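Colleague: Based on what follows, work out the 3D shape:
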Amino acid sequence: MAVRLTVNAIAKVNRGNLDLKPVVQLLDLKQVVGAKERYRAVVSDGSAAQQALLAAQLNEVAESGAVGVGSVVRLLEYVCSTVKNRRIIVIADMKILIRDSETIGNPKLPPEIVSDNPEFSNSLSIGYSGDQSFNQATNSSSPAKLVSSSVMKSCNKSSSSNAQLQSSYQPPPNYKSHGAIMKNEAPARIIPIAALNPYQGRWAIKARVTAKGEVRRYNNAKGDGKVFSFDLLDSDGGEIRATCFNAVVDRFYESIEVGKVYLLSKGSLKPAQKNFNHLNNHWEIFLEATTTLQLCPDEDGSIPTQQFNFRKISDIENAENNSIADVIGIVTSINPSVAILRKNGMETQRRILNLKDLSSLSVEITLWGEFCNREGRQIEEKLDSGLFPVLAVKAGKVSDFSGKSVGTISSTQLFIDPILPETRVLREWFDGGGKDASSNSISRDMMPGLPSNDCRKTVSQIKGEGLGRGNKPDWVTVKASISFIKTDNFCYTACPLMIGDRLCNKKVMKVPSGRWSCDRCAKEFDECDYRYLLQLQMQDHTGVTWVTAFQESGVEIIGCSARELYELKHQEHNDQRFGDVIQQCLFKQYVFRLKIKEEHYGDEQQVKVTVVKADKVNPSAECKYLLDLIGKLST
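Modeller: Numbers count the residues shown, from 1 in each chain. Alright, predicted model coming up:
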């Protein structure tokens, strides 16, 4: 395959022509010694050669051998930076045209590099032994060696030609102590977010703030501090997270607004922490004292307000646990908010809604904290008005607990009836018959180890089918009512202390001093916690069985915390109100999610049934389930 290298490509790139997509040849490619997963190269346009560095996203291309010495490539995304007075091309993206080729043309290194390498001639000199700046820029402790034999053949020139070259070279004038010329006051060049890398000098990005986190406080070995982050999106679709610490938080937090466009420069780039950063970028910007952040007019609207990567609910069904996903659908129902005690001892709100899309499946979306009151109330008002809003979830967290569901996290964003093409398609489908179409839930009626829609059981089937007697627990859904609640010991006194990042929750005893003592923590404290341990009698049209409900499911059933119910009975001695609270839970239908497992108690084996979740029956959803079941039975 014949190919021509772009004439004067090296000179044009060095002058900052980033619109050019030059065709160049790789004369060398080697992993940097001392730098993990970083590759440096020499690129040639046939007459000149230049040092280059591959961005991290091209590591796989270099490691797989898809590109190597002699390869001819087209540079698609790149920047040219000055590091220690050396020009280095940082390649962010390229297209491989020829895998292997003889050296094309007669490339020469720039004079400033040749002058540092007197053993090379000016015909073709591509050594690195004197190029300390490049080694420092790439954290390399030793120079790279050339692989191309055609390059080495051109290096055997006489020492006299080297001497003539050295004598003809004049170093640049020294401008030290000559006032403002010492500093480069020229504005930094705006580059795409995708081209950012730690080896650039001056850079700037123009991007829109798509998300802004709250200020969080922390304590570590270095002391107390505070931090917040915000996400940026540019016109090319590149995304990156920016983070501020301590004094920088005070400087920028109030001035940053979601939806506004800013010009950001003079920050440092560090590897993104993927445990907390879901954006598709290897780097994260850390703002510093010298960082500049300038509000820009959004005249042309070239930068989108948000970028989504929607996945169908059918894809969510096969997504990995704890993965991050964007999902969009029609909200068909929403449950009331309930108070939940988290593992860290803090109380929060939880609200569950059902989302349906064109894949004939639905999924539960779990709202946590402020999402329950803010977006949750808006959705509830629309549903109460007979409207079924479209909801777009940005950066939801996939959970596989009792089926697949999507929950909100700190970086999640919810958009109600967003102006998107997907919204229009969903609305047309829903109004055109999708509203009445049956849909299977990947959350409500699916449990681990059971096929789809095959886990709804009756009370009599729990014993009749021997559920729970295998090596693994059985997970089933039962529609039933509560006929009796034991009120003698409905809760227990629990340890409120933290073990690592979790509450102890071990049962504690009161000591003669009036304080509480925990055997696990070996500590005493003034106040204990109260957690539900409910013994319930559950019944449906086929039979009766006893089940146990712990803290979270107990709150769902009773409607208040265990401490509140305990104080009502034992401190206020208000038997009337206590009885009313219990009475209102009886003979109301719930959809129970149960875990059934055989356990050993001494020499006996007993099947224990535990309530994992308890939802009041939604008549609309239940009718749709029964109609769908009738349809399947009739066919």
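
Colleague: With Ala494 as the reference, measure out to the nearest residue to Thr545 once chain neighbours are set aside.
Modeller: Once flanking residues are discounted, Thr545 sits nearest to Val459: 5.2 Å by C-beta to C-beta, 6 or more residues apart in numbering. Yep, even glycine has a C-beta here, placed from its N, CA and C like the rest. To Ala494, Val459 is 30 Å away according to C-beta to C-beta, to the nearest Å.

Colleague: the strands in the stretch 301-450 of the chain, which residues?
Modeller: Counting by DSSP state E, counting those that start in this stretch, the segments of the stretch 301-450 of the chain that form strands are 324-334, 338-341, 347-356, 361-368, 390-399, 405-407, 413-416, 440-441.

Colleague: Could you tell me the least trusted of those strands?
Modeller: Ranked by mean pLDDT, those bottom out at strand 338-341, with a mean of 75.

Colleague: Walk me through which strands that one pairs with, and which way each runs.
Modeller: According to DSSP bridges, strand 338-341 forms sheet pairs with strand 347-356 (antiparallel).

Colleague: What angle do strand 390-399 and the strand it pairs with make with each other?
Modeller: Relative orientation of strand 347-356 versus strand 390-399 (axes from the mean of the first three to the mean of the last three C-alpha atoms, to 10 degrees): 120 degrees.

Colleague: what sits up against strand 347-356?
Modeller: Under the criterion C-beta atoms under 8 Å, 6 or more residues apart in numbering, residues 313, 327, 329-342, 362-369, 371-373, 376, 379, 391, 393, 406, 434, 439, 441, 444, 561, 615, 621 lie in contact with strand 347-356.

Colleague: try stretch 407-417
Modeller: 210-211, 213-214, 231, 278, 306, 365-369, 371, 375, 378-379, 382, 389-397, 399, 423.

Colleague: Pull out the buried members of these.
Modeller: Neighbour-count burial (16 or more other C-beta atoms under 10 Å) applied to the contacts of stretch 407-417 gives 210-211, 231, 278, 306, 365-369, 371, 375, 379, 382, 389-397, 399, 423.

Colleague: Low-confidence regions, the stretch 151-300 of the chain specifically.
Modeller: 151-188, 299 (pLDDT under 70).

Colleague: rerun that using 50 as the cut-off
Modeller: Confidence mapping of the stretch 151-300 of the chain against pLDDT under 50 gives the ranges 151-185.

Colleague: can you give me the strands for it?
Modeller: Under DSSP E, counting those that start in this stretch, the stretch 151-300 of the chain gives strands at 204-212, 216-220, 223-233, 239-245, 261-265, 268-271, 283-286, 292-296.

Colleague: Let me know the angle separating the fourth one from strand 223-233.
Modeller: Right, the one you point to is strand 239-245. Strand 239-245 runs at 160 degrees relative to strand 223-233, counting by the same axes, to 10 degrees.

Colleague: Counting by contacts, list what strand 239-245 packs against.
Modeller: Secondary-structure packing of strand 239-245 (3 or more C-beta pairs under 8 Å, 6 or more residues apart in numbering; DSSP states H and E): strand 204-212, strand 223-233, strand 283-286.

Colleague: Put together JSON lines for those strands, with distance to Asn489 on each row.
Modeller: Formatted as JSON lines, the helices and strands packed on strand 239-245 follow (distance: least, C-beta to C-beta, whole Å):
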{"stretch": "strand 204-212", "distance to Asn489": "47"}
{"stretch": "strand 223-233", "distance to Asn489": "43"}
{"stretch": "strand 283-286", "distance to Asn489": "51"}
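
Colleague: who touches the residue nearest to the spatial centre of the chain in this structure?
Modeller: Centroid-nearest residue in the chain, with C-alpha atoms, centre = their mean: His278, separated by 2.3 Å. Shown in contact with His278 (C-beta under 8 Å, 6+ apart): Ile324, Ala395, Ser411.

Colleague: I'd like to know how many residues surround the last one.
Modeller: Counted with other C-beta atoms under 10 Å, the burial measure for Ser411 works out to 19 neighbours.

Colleague: and the angle for the biggest helix by length in the chain with strand 361-368?
Modeller: Longest helix of the chain, by residue count under DSSP state H: helix 619-634. Counting by the same axes, to 10 degrees, helix 619-634 lies at 150 degrees to strand 361-368.

Colleague: Flag every buried residue along helix 619-634.
Modeller: For helix 619-634, a neighbour-count test (16+ other C-beta under 10 Å) marks Ala621, Lys624, Tyr625 as buried.

Colleague: Nearest residue to Ala319 in space, please, no chain neighbours.
Modeller: Distances taken as C-beta to C-beta, 6+ apart place Val398 nearest to Ala319, at 4.7 Å, with adjacent residues excluded.

Colleague: again with Arg577
Modeller: Per C-beta to C-beta, 6+ apart, closest to Arg577 is Leu568, 5.8 Å.

Colleague: Okay, and that neighbour sits in which element?
Modeller: Per DSSP states H and E, Leu568 falls inside helix 562-570.

Colleague: Now do that helix: which elements does it pack against?
Modeller: Using 3+ C-beta pairs under 8 Å, 6+ apart, helix 562-570 is in contact with strand 491-494, strand 529-532, helix 551-558, helix 575-583.

Colleague: Buried residues, the longest one. List them.
Modeller: Spelled out, it's helix 575-583. Buried residues in helix 575-583 (16+ other C-beta under 10 Å): Phe578, Val581, Ile582.
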